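Trainee: okay, sequence plus prediction incoming.
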Amino acid sequence: MYPLEFIASRVAGPLAEIQVLVPPGVEPHDFELTASQLALLHSADLVFYQSGISPAIDAALKDADMSRVVDTATLVAALPAADNPDHEGDGDGYQYAPGTPIDPHTWLNPANMGVFTNVLADRMVELLPANATTIGQAANTLADALGDLDAAFLQATTNCERREFLTSHDAFRYLANAYSLTQLAVAGLDPEDEPTPAHLAEISELAREYGITTIFFEPLVSRDAVDMLAADLGLQVAVLDPIEAISDTSPGKDYLEVMYANMDALRLANGCTW
């Protein structure tokens, strides 16, 4: 999917043919593989993916040769959605382990993206040893840019009037954890889940308690529940993008631009000074 394609394109560049399975504008949680994409998964020299975001891809790779697969979920500490709210409908979020919903949006912590960059570079060097210097230089350049992003986020979120933020979708646990923020979410790990009336009441009470001024929505998902809650509580509405894809509605042209836009949105919503 897009965040890992971003790394691959920066590290491998023209040295590899890079195919992304989840196209722009498609919600990855609901993505279904075509027959040709399934064949591609089993023929690629290297598969670079995040388990837990697309059940269809997870199922397709269940019996794959894992020596040619890099699962970014295994490279960093997983954050369980321990306070994932109850929902009506058929889902409480994707089950990464039996009975334990895990937030799969690891890329929203820039430090994690740095880890992924280095691991992919090492694997690319194994495949293309003659290009080790080129790959290493590209990986270092990207790692430096991700380090700058991490430092900027830390500075932007150090002095804030509040540390809680309200989103339409429980996708920002890694970002919140990295910068000592607290995410309040209307929907769970699956953005299409419908929150119960009890959960909406709880979220409304917390928003008032914490002095929340803004509710965030994401470009790929309906904002009906967000608009309703914003009207009830007198909140502003703004974009906080989980960067599952880049589209015309994204607040930037690539991962770095969108993350900086997310940083500015959080800074303004939380009354941060820097």
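Mentor: Happy to help now that I have it. Numbers count the residues shown, from 1 in each chain.
Trainee: quick one: contacts of the longest helix along the chain?
Mentor: Counting by DSSP state H, the longest helix found in the chain is helix 132-156. Defining contact as CB atoms under 8 Å, 6 or more residues apart in numbering, one finds that helix 132-156 is touched by 7, 10-13, 15, 110-111, 113-114, 117-118, 120-121, 124-125, 128, 178-179, 256, 259-260, 263-264, 266-267, 272, 274. C-betas here are computed from N, CA, C, even on glycine.
Trainee: now list the buried members of those.
Mentor: Neighbour-count burial (16 or more other CB atoms under 10 Å) is assigned, among these, to 7, 10-12, 110, 113-114, 117-118, 120-121, 124-125, 178-179, 256, 259-260, 263, 266-267, 272.
Trainee: and the longest helix of the chain, how far out from the chain's middle?
Mentor: Mean-position distance between helix 132-156 and its chain equals 18 Å (CA atoms, centre = their mean, to the nearest Å).
Trainee: can you list the strands that the helix or strand following that helix pairs with?
Mentor: Once helix 132-156 ends, the next helix or strand along the chain (criterion: DSSP states H and E) is strand 164-169. Taking DSSP bridges as the criterion, strand 164-169 sits next to strand 182-187 (parallel), strand 214-217 (parallel) in its sheet.
Trainee: what does the average pLDDT come to for the following helix or strand past strand 164-169?
Mentor: The helix or strand immediately downstream of strand 164-169 is helix 173-178, counting by DSSP H and E. Per-residue pLDDT over helix 173-178 has a mean of 96.
Trainee: ok, stretch 70-90 next?
Mentor: Stretch 70-90 comes out at a mean pLDDT of 70.
Trainee: same check on stretch 146-159?
Mentor: 98.
Trainee: list the buried residues for that stretch?
Mentor: 146, 149-150, 152-153, 156-157.
Trainee: so which helix or strand takes in Leu38?
Mentor: helix 35-43.
Trainee: no, scratch that, I was asking about Ala207
Mentor: Here Ala207 is assigned to helix 197-210, by DSSP H and E.
Trainee: and Ala97, what pLDDT?
Mentor: 43.
Trainee: for the closest residue to Thr273 other than its chain neighbours, give me its contacts.
Mentor: Spatial nearest neighbour of Thr273, chain neighbours left out: Asn159 (5.0 Å); criterion: CB to CB, 6 or more residues apart in numbering. By CB under 8 Å, 6+ apart, the contact set of Asn159 is 272-274.
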